[in-house]
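K.L.:
sequence? don't have it. structure:
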């Protein structure tokens, strides 16, 4: 049975309900697809259920121990804290790595808005860490074509946004010698091998399949219908002969779990093309300020802390909008304690406060009622102001010239 | 109402029945789509009905007179004899031309076999004539990607066939300074503008539309579903800024009428993209040796005279397979005469015997019974042997170097 069939059999019909069916949503089941993430629970998506529905594997103690033994250092706190929680074939990648078989990283971004928000940083922060500890090359796809097809944006605007967003991505600190960032318009229009890889994938996938996986229907544009092959193609090194010097090497994709449908499809197609299935590391969603029922979204400014926000804006947004797990009155809070499971400020700290001991103390103090919501928010505001200011400082150093260098097709450096 | 809607309303449902529904075909209606051409009548497709069904216009006396006044010479015998019989917006092209607004020609070929046959030559012979008399540039699309998607052929094989077939096309005598031949793999993989034009078209067309126009269904691959945008894109000069020096100029497409569905779709999309609708000149089909119920097809070697055939093979095929309109016995033939309307040899002569008087005499003599089938075939064999031998001689001069020059993206020469 294919991976997409497994996902369907396990009750993942919701995954296929697509962008237009929010209203029909079952109150009991989370909606998770590339266009919708929504939970009916205040604690957000039930990620354990999602692993079963999607047919992926949990990142368990055994995998973490193995990773730490190989990289000879602790794993990233995103893994320690279960924020990257699910994987496909990560053991295969580690075995290959132990045998000195190299792999490469692939992640991406749909450039639909000028300003990226904190949630957009998560996969890039994590991917940079993977690049550093495994010392491997990385390709980053800017799906400007996707955003043109899905949004009311022009070709030129989405192309421009790809370059703007690339600056924020570069500001995460990727190694220029080992990182290729590409706009789909530019790279498809400059690589016969990428286009041929797209064609090979497109020949293997039917309308019925993308309908099942992505919830497309008969009124979907033929551009959207064909797009999944474009997001699939970078999973195969044959799409980048000049980048990888013609070597066939396996691929590891760090991404948010909502992108998994694309890669289930990719993994189903791979053996038919005689290619390796990409491995995956899945993250949880970065919650909206309003709470864990939905993820942070750039299209709702009040749900997001942007990377362009001033310290004052950050302070105001957190104080005004961040959903609190605190109690209604001071007395109640002191008596019953705050609820970290629904408290957005606390959840943001799990992403951005690196100090495990400090985080644990905050959790205990807030749960016991000792720490008040105002103080918790104060802690978060400080952390975010620092992260955003540092990001802005690094981004200001990313000139057009630097962007051009990262986006130039060229052979990436390899240590094997 | 859109052009594709007109085509449907006028009873063109058959056009949309697609590649897999031959068996369901209505005995009374001709099947004409990019993958199937079939008539239940010995005299072949009813082209007058097709004009009504497709919503195109007949090439009438008025249009011919106007063309001849502009080009100051007689029109090609393909037009005189009604072999190019239908058009869309040819008057618009002529008016533009009179006003010194240039246009360009676009035609193409799906490279599915090494050897091209006589029928494949028709659009290229006619396109060369148009290029000569109007002195305009020309782009020729080799849809190697299409043949990969539709046939059991590899990417590499279809790419190779594109280059092989380009030699036969070049041998038709196109002006190197004014002709760009491109493989889809190569050009899509080298032109951001072509890919962006594809995206713009794909955003405007839904699955429902390509289902209606091309008969796709839910088991159709997403590659096939998206392909019509790839055949549509060369209709717009913005897909070729380096070829046309960035000028926006109208397009005229000479092609067989079975390709019209692609361009009805293209013409429906054009105004939504703020682009000019391409004009069209449609040809009839070149009949199979077995008769006018179907067109010559490279996949049935006995139905075709190939451009690689020897004089002896041509003689044998015509004598053995060419469906005859002659009578069963010599006596009957002398008394009743032959039927030119169903006689394949006579029909081939209408394509390839340029001398009007001689053709008319053959028609009269055959119809009256004076000329016997054997002699008619003898006449045709001589004509075809000469044409094929001359083609082979010209093709042998087309080196890899020449092919490279024609297929190199470059600015084409213009006289305006």
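P.N.:
Structure received. Predicted model, so just to flag it, every value in this text is computed and none were measured.
K.L.:
Close to chain B: what parts of the stretch 1-150 of chain A are there?
P.N.:
A:145, A:148, A:149 (CB under 8 Å from any CB of the partner chain). For glycine as for every other residue, the C-beta is placed from the backbone atoms N, C-alpha and C.
K.L.:
From chain B, how far off is the residue of chain A most remote from its centre?
P.N.:
No residue in chain A sits farther from the centre than residue A:331, which is 39.9 Å out by CA atoms, centre = their mean. With distances taken as CB to the nearest CB, to the nearest Å, residue A:331 is found 58 Å from chain B.
K.L.:
again, but for residue A:185
P.N.:
Residue A:185 sits 5 Å away from chain B, going by CB to the nearest CB.
K.L.:
Which single residue in the stretch 301-416 of chain A comes nearest to chain B?
P.N.:
When distances are taken as CB to the nearest CB, the stretch 301-416 of chain A reaches nearest to chain B at residue A:409, 11.6 Å away.
K.L.:
List phi and psi for that residue.
P.N.:
When read as degrees, to the nearest 10, the backbone of residue A:409 gives phi -60, psi 130.
K.L.:
cool, residue A:206 as well?
P.N.:
Per-residue torsions, residue A:206: phi -100, psi 170 (degrees, to the nearest 10).
K.L.:
List the contacts of it.
P.N.:
B:218, B:219, B:220, B:221, B:222 (CB atoms under 8 Å, 6 or more residues apart in numbering or on different chains).
K.L.:
wait, residue A:268 sits on residue A:88?
P.N.:
No - taking contacts as CB atoms under 8 Å, residue A:268 lies outside contact range of residue A:88: 11.9 Å.
K.L.:
of those two, who's got more company?
P.N.:
It is residue A:88, of residue A:268 and residue A:88, that has more neighbours when counted by other CB atoms under 10 Å in any protein chain shown, with 24 against 21.
K.L.:
hang on, the earlier thing: ChimeraX command to pick out the buried ones of the contacts of residue A:206?
P.N.:
To isolate the buried members of those in ChimeraX, using 16 or more other CB atoms under 10 Å in any protein chain shown:
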select /B:220,221,222
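K.L.:
Quick one: low-confidence residue ranges for the stretch 101-250 of chain A.
P.N.:
Of all residues in the stretch 101-250 of chain A, none has pLDDT under 70.
K.L.:
where exactly do the helices run in it?
P.N.:
With DSSP state H, counting those that start in this stretch, the ranges of helices along the stretch 101-250 of chain A come out as A:118-134, A:144-150, A:155-170, A:184-188, A:192-204, A:207-214, A:222-232.
K.L.:
got a list of contacts for the fourth one?
P.N.:
This points to helix A:184-188. Outside of helix A:184-188, the residues within contact range by CB under 8 Å, 6+ apart are A:141-146, A:155, A:159, A:162, A:194-195, A:198, A:230, A:407, A:409, B:188-189, B:192, B:195-196, B:199.
K.L.:
Same question for the third one.
P.N.:
Applying CB under 8 Å, 6+ apart, the external contacts of helix A:155-170 come out as A:109, A:111-114, A:116, A:120-121, A:124, A:140, A:142, A:144-145, A:147-148, A:151, A:153, A:181, A:183-186, A:307, A:391, A:395, A:398, A:402-403, A:406-407, B:196, B:199-200.
K.L.:
List the buried residues of it.
P.N.:
Neighbour-count burial for helix A:155-170 flags A:155, A:157-163, A:165-170 (criterion: 16+ other CB under 10 Å).
K.L.:
and of those, the nearest to residue B:352?
P.N.:
Using CB to CB, residue A:155 comes nearest to residue B:352 of these, at 45.9 Å.
K.L.:
can I get the residues of the stretch 1-150 of chain A next to chain B in JSON lines with neighbour count?
P.N.:
Below are the residues of the stretch 1-150 of chain A next to chain B laid out as JSON lines (neighbours: other CB atoms under 10 Å in any protein chain shown):
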{"residue": "A:145", "neighbour count": "27"}
{"residue": "A:148", "neighbour count": "27"}
{"residue": "A:149", "neighbour count": "23"}
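K.L.:
nearest to residue A:272, of the residues you listed?
P.N.:
Among the residues of the stretch 1-150 of chain A next to chain B, residue A:145 lies closest to residue A:272 (CB to CB), at 24.4 Å.
K.L.:
Excluding covalently adjacent residues, which one is nearest to the closest one?
P.N.:
Nearest residue to residue A:145 in three dimensions, chain neighbours excluded: residue A:184, at 4.3 Å (CB to CB, 6 or more residues apart in numbering or on different chains).
K.L.:
So what's the residue count around the one you found?
P.N.:
Burial of residue A:184 is recorded as 31 neighbouring residues (other CB under 10 Å).
K.L.:
so how far is residue A:233 from it?
P.N.:
Relative to residue A:233, residue A:184 is positioned 10 Å away (CB to CB, to the nearest Å).
K.L.:
Also residue A:125?
P.N.:
Residue A:125 is 25 Å from residue A:233, where distance means CB to CB.
K.L.:
What of residue A:119?
P.N.:
In this structure, residue A:119 and residue A:233 are 25 Å apart, going by CB to CB.
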